[in-house]
Each structure stands twice: as structure tokens, then as C-alpha cells.
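Enquirer: Need coordinates for the below:
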Amino acid sequence: MLHRGDCHCGNVRFEFESSPDVHVHRCNCSICDRVGYLHLIIPRSTFTLITGWDELTTYRFNSGVAEHYFCKTCGVKPFYLPRSNPDGYSVNFRCVDRSAFGEVLIEDFDGQNWEDNASKLAHLSSVSDQDAGSSE
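Expert: Sure thing, here's the model as predicted:
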């Protein structure tokens, strides 16, 4: 099923494929907790940026591996390339049109202890998980 999302001002628009029933993660790490990010991790192959990459700016911290993408105009982070899933994207579920989703289960993730818990996320960008109708 095709879903759409965007930043606050609409200068960054994207679409992605996902089942209608999803597991979304609420992380308590230093950046996610501050901005209220809700993670829907998807395979990179199911994601399409509709607008240009030139509308985005990036931020890296700590290990420098994750690429956090922000709209240059409104500052919203609609998606990013997570360290836990370099073959996927974490879409900010708060930036997604939720009208086509069915069941949405929000689970807490202990990102403050990321090294101990990251392996619990590694499978989420697997295409086989998406094909089976599960994001977890």
C-alpha cells in the first residue's frame, strides 16, 4: 500500500510502501525524545523522495553514522537514515498521512541504551518483513 508524507511547509514530500498495519517506535534517546519522533522503519527500496534532495539539510551526531534529514525551510525532520538500518529509512510517523493505515501499534524503544537494544531494530528494513505485512 502506498503512503505519503511531508514536512510542515510541504517543501519535502515523499511516498513509501508499507502494510496498513504497522508497529511504530517511540524512542527515548537524546534527539528523538526532544522532538517527539515516531519511527516507522521501512526498506530503502520502498521509499521515494518526490521533491529534490536540495530541500534538505543533514545533521549527524555521536557516531556520525545516522543521517538526519531536515527541511531547510521549516526545520522538520520527516525521515532519516538510521544507524540500525542502513538499508532503510526511518520515516517520522508524525509526518505521514495516516488515513490509509489500519492498526498502528506504538511501542517504546530504549534508545538511551542504544548499544544494548539496537539489534531489536535491525530486521525492520527487511523487504521480507514488509511483504509479510509487518514492520516488526
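Enquirer: The residue of the chain most remote from its centre sits in which helix or strand?
Expert: The outermost residue of the chain relative to its centre, with distances by Cα atoms, centre = their mean, is residue 116 at 20.3 Å. Residue 116 is located in helix 114-117, with elements delineated by DSSP states H and E.
Enquirer: coming back round to it: any idea how far residue 9 is from the residue farthest from the centre of the chain?
Expert: Distance check for residue 116 against residue 9: by Cβ to Cβ, to the nearest Å, it reads 37 Å. C-beta: built from backbone N, CA, C; applies to glycine.
Enquirer: And the lowest mean pLDDT element among the helices and strands of the protein?
Expert: Of all the helices and strands that make up the chain, helix 127-131 has the lowest average by mean pLDDT, DSSP states H and E, namely a mean of 58.
Enquirer: Could you list everything residue 5 pairs with in the sheet?
Expert: Beta-bridge partners for residue 5, by DSSP bridges, are residue 14, residue 96.
Enquirer: Which residues lie in contact with it in this structure?
Expert: Contacts for residue 5 (Cβ atoms under 8 Å, 6 or more residues apart in numbering) come out as 13, 14, 15, 16, 78, 79, 91, 92, 95, 96, 97.
Enquirer: Look at it and report its pLDDT.
Expert: What the model reports as pLDDT for residue 5 is 98.
Enquirer: Residue 15 too?
Expert: In this prediction, residue 15 carries a pLDDT score of 98.
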